[in-house]
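# could you look at this predicted model? Sequence included:
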Amino acid sequence: MKKSAAVIVVLCLMMFAVTCNAETEKQNTDRKMHNHEQFKTAKRQHLLKALDLDKETSAKLTAVLDSYDTKRHDAKKSMKDNIKDLREAVKNKKGDAIKDLLGKLESNHAAFKALMESEKTEIKGILSEEQQARYILFMVDFHKKLRKSMHRNNP
């Protein structure tokens, strides 16, 4: 009888621990998404300020950037998934799977490059040449600051 009660208590504790772990993972994911959205919003605000756009142009540019952010996210996720599968295929020495995944990664890369060119073309259609120059300079400076910040946080 005592053993049964002990087993039940242990099972309850394990179920509680699993539930707490799942909730913590959900909170971490929610926090990461919230931080990403804050970062994206701040970046967008600084960009629009640097470009000094009127409301109509600002709305057009925001729509294009949002659209391509989603497409870029999907393309990166696909690449990440294929790389994960490639690691597994290499680990297990699966030659056919490796060949197939290398082909998929090449296709992913080509699609990503085409996506970037398409985005650049759409942005050029919205912005004046001076605004395009400001956009490029903003992105260069932004990525430089981001790399410095990342290096400072992970020496």
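Alright, I've got the coordinates.

# residue boundaries of the helices in this structure?
Using DSSP state H, the helices found in the chain span residues 2-51, 55-91, 95-126, 129-153.

# pLDDT of the longest one, averaged?
Helix 2-51 carries an average pLDDT of 69.

# and if you look at the last one?
With pLDDT averaged residue by residue, helix 129-153 scores 88.

# in it, which residues are buried?
For helix 129-153, burial by neighbour count (16 or more other C-beta atoms under 10 Å) applies to Gln131, Arg134, Tyr135, Phe138. (C-beta placed from N, C-alpha, C; glycine too.)

# what's the residue closest to the geometric middle of the chain?
His73 (5.1 Å; C-alpha atoms, centre = their mean).

# need the pLDDT of that residue.
pLDDT, His73: 91.

# what residues are up against it?
Applying C-beta atoms under 8 Å, 6 or more residues apart in numbering to His73 gives no contacts.

# what of Ala133?
If you count contacts by C-beta under 8 Å, 6+ apart, Ala133 has none.

# what separation do you get for the nearest residue to Leu102 once chain neighbours are set aside and His109?
Among residues not flanking Leu102 along the chain, Leu86 sits closest, at 7.3 Å (C-beta to C-beta, 6 or more residues apart in numbering). Going from Leu86 to His109 by C-beta to C-beta, to the nearest Å gives 13 Å.

# if you count surrounding residues, which of those two has more?
Applying other C-beta atoms under 10 Å to Leu86 and His109 shows that Leu86 carries more neighbours, namely 18 against 12.

# the more buried one and Gln132, how far apart?
Per C-beta to C-beta, Leu86 is found 37 Å from Gln132.

# ok, now Thr62?
With C-beta to C-beta as the criterion, Thr62 and Gln132 are 16 Å apart.
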